[in-house]
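J.: structure for this input, please:
(one chain, ligands or ions: 2)
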Amino acid sequence: MEVGFLGLGIMGKAMSMNLLKHGFKVTVWNRTLSKCDELVEHGASVGETPAAVVKKCKYTIAMLSDPAAALSVVFEKDGVLEAICGGKGYIDMSTVDAETSTKINEAITAKGGSFLEAPVSGSKKPAEDGQLVILAAGEKALYDEAIPAFDVMGKKSFFLGPVGNGAKMKLVVNMIMGSMMNAFSEGLELADKSGLDPQTLLGVLDLAAIANPMFRLKGPTMIQGNYSPAFPLKHQQKDMRLALALGDENAISMPVAAAANEAFKKARGLGLGDLDFSAVHETVKPLKPASS
Ligand SMILES: NC(=O)C1=CN([C@@H]2O[C@H](COP(=O)(O)OP(=O)(O)OC[C@H]3O[C@@H](n4cnc5c(N)ncnc54)[C@H](OP(=O)(O)O)[C@@H]3O)[C@@H](O)[C@H]2O)C=CC1
Ligand SMILES: O=CCCC(=O)O
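T.: Ligands and ions are numbered 1, 2, ... in the order given. Model prediction:
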């Protein structure tokens, strides 16, 4: 099957590589075109613009940073909208809000194309291993047609109904994850500064009711202060911001998420936005005294 892929960041590169490895013909595009080179070495073709990719492929997948990027790739010059038409599908797997997805859906379907939002749970390693959890919503027929690709990229796909439900589910999940990451950071620091061994804390947590893969994966690197990016902190803060807006719309008070968002914003202000979201741990640490 000929599949287009727009956006070769941490996630898009791993996901499109998996499609290639499993025999899909893939045509890629990335704003910074040089990022296509590695995919080409593995058999991908390159489209010069998003419109060129859509023109060539029956289905095009996008994995872009945020709502502004998702909208620009569709609506700007040489964008998806210039080439989408009846018989073609567009699947946006970026994490965005329901409003963004709805705008894209309306524009694509107005031109006869079909649309699916399909954000994912799981980070760089699950993307490399084809173990993502896919949260799809929109055109059910396109979902059914995309199953072979989803089966390669993910371990489980959910179809959640009308456009917007995939985006909302993803934001709820990441709001919980971002809040947990902040509590975990505070716990690691509290253990350390009160004279406990943070490694022992990890061992205790792993046997407790709150054991989870995130603590298991991120704990050891956080203790080392290693924040090599799997999920960039700036994207986690974007997800907190969008989840809080969803809470606002639904009159849900979320003081824990709001505090977590502030911590991620603070981390961005400290220049940590391109590091892994676990770098929020640094915001809990006491400031080093200024040298005289
Ligand atoms: N990393 C993770 O663990 C996960 C991320 N996500 C979500 O997936 C999406 C991608 O994440 P990730 O791969 O980590 O992000 P990256 O920051 O690694 O990649 C972002 C991609 O978006 C492109 N981009 C940014 N702005 C624009 C624009 N204005 N026009 C066109 N392209 C643009 C970048 O292009 P360029 O190379 O030119 O900068 C790049 O291809 C995000 O929505 C994120 O929230 C979801 C699950 C897990
Ligand atoms: O959006 C990013 C999610 C990262 C994860 O699920 O581990």
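J.: how near is the residue of the chain found nearest ligand 2 to residue 277?
T.: Nearest residue of the chain to ligand 2, counting by C-beta to the nearest ligand atom: residue 123, 3.7 Å away. Every residue, glycine included, has its C-beta placed from N, CA and C. Distance, residue 123 to residue 277, using C-beta to C-beta, to the nearest Å: 9 Å.
J.: do residue 286 as well
T.: 21 Å.
J.: might you report the residue contacts of residue 59?
T.: Taking C-beta atoms under 8 Å, 6 or more residues apart in numbering, we find residue 59 in contact with 1, 2, 3, 4, 88, 89, 90, 91, 142, 145, 146, 149.
J.: and the residue in the stretch 151-292 of the chain positioned nearest to ligand 1, its phi and psi?
T.: Proximity to ligand 1, evaluated over the stretch 151-292 of the chain using C-beta to the nearest ligand atom, is greatest for residue 231 at 3.2 Å. As for residue 231, its main-chain torsions (degrees, to the nearest 10) stand at phi -120, psi 100.
J.: was I right about it contacting residue 279?
T.: No - here residue 231 lies out of contact with residue 279, judged by C-beta atoms under 8 Å, at a distance of 10.5 Å.
J.: excluding covalently adjacent residues, which one is nearest to residue 73?
T.: The shortest distance from residue 73 to any non-neighbouring residue, by C-beta to C-beta, 6 or more residues apart in numbering, is to residue 50 (5.1 Å).
J.: list the contacts for that neighbour?
T.: Residue 50 is in contact with 6, 29, 60, 73, 74, 78, 79, 80, 83, counting by C-beta under 8 Å, 6+ apart.
J.: recalculate using a threshold of 10 Å.
T.: 4, 6-7, 29, 31, 60, 62, 72-74, 76-84, 90 (C-beta atoms under 10 Å, 6 or more residues apart in numbering).
J.: rewinding a little: hey, what's in contact with both of residue 231 and residue 279?
T.: Joint contacts of residue 231 and residue 279 (C-beta under 10 Å, 6+ apart) are residue 181.
J.: when the two are compared, which one has more neighbours?
T.: residue 279 (27 against 22; other C-beta atoms under 10 Å).
J.: pretty sure the more buried one is in a helix, no?
T.: Yes - per DSSP: H, G, I helix; E, B strand; the rest coil, residue 279 lies within a helix segment.
J.: contact partners for the closest residue to it other than its chain neighbours?
T.: The shortest distance from residue 279 to any non-neighbouring residue, by C-beta to C-beta, 6+ apart, is to residue 227 (3.9 Å). Contact partners of residue 227, counting by C-beta under 10 Å, 6+ apart, are 218, 221, 233, 267, 272, 274-282.
J.: just the buried ones from the contacts of residue 50?
T.: The neighbour-count test (16 or more other C-beta atoms under 10 Å) marks 4, 6-7, 29, 60, 62, 73-74, 79-84, 90 as buried among the contacts of residue 50.
J.: farthest pair in those?
T.: Pairwise distances across those peak at 17.5 Å for 7 and 82 (criterion: C-beta to C-beta).
J.: contacting residues for residue 114?
T.: Going by C-beta under 10 Å, 6+ apart, residue 114 touches 59, 84, 86-91, 105, 108, 138-143, 145.
J.: where's the residue of the chain closest to ligand 2 relative to residue 224, distance?
T.: Separation of residue 123 from residue 224 (C-beta to C-beta): 18 Å.
J.: can you pick out the residue with more neighbours from these two?
T.: Set residue 123 next to residue 224 and count neighbours by other C-beta under 10 Å: residue 123 wins out with 21 against 8.
J.: what does stretch 245-255 contact?
T.: Contact partners of stretch 245-255, identified using C-beta under 10 Å, 6+ apart, comprise 97-99, 167-168, 171-172, 175, 179, 240, 243-244, 257-258, 260-261.
J.: among these, name the ones in helices.
T.: 98-99, 167-168, 171-172, 175, 179, 240, 243-244, 257-258, 260-261 (DSSP state H).
J.: ligand 1 contacts on the stretch 51-200 of the chain?
T.: 63-66, 68-69, 72-73, 94-95, 120, 123-124 (C-beta under 6 Å from any ligand atom).
J.: list the contacts of the residue nearest to residue 239 when sequence neighbours are not counted.
T.: Spatial nearest neighbour of residue 239, chain neighbours left out: residue 174 (4.0 Å); criterion: C-beta to C-beta, 6+ apart. The contact partners of residue 174, taken as C-beta under 10 Å, 6+ apart, are 95, 119, 121, 231, 235-236, 238-240, 242-243, 257, 277.
J.: Throw those residues into CSV and include distance to residue 19, thanks.
T.: Shown next, in CSV, are the contacts of residue 174 (distance: C-beta to C-beta, whole Å):
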residue, distance to residue 19
95, 20
119, 17
121, 19
231, 21
235, 22
236, 26
238, 26
239, 25
240, 30
242, 27
243, 29
257, 34
277, 26
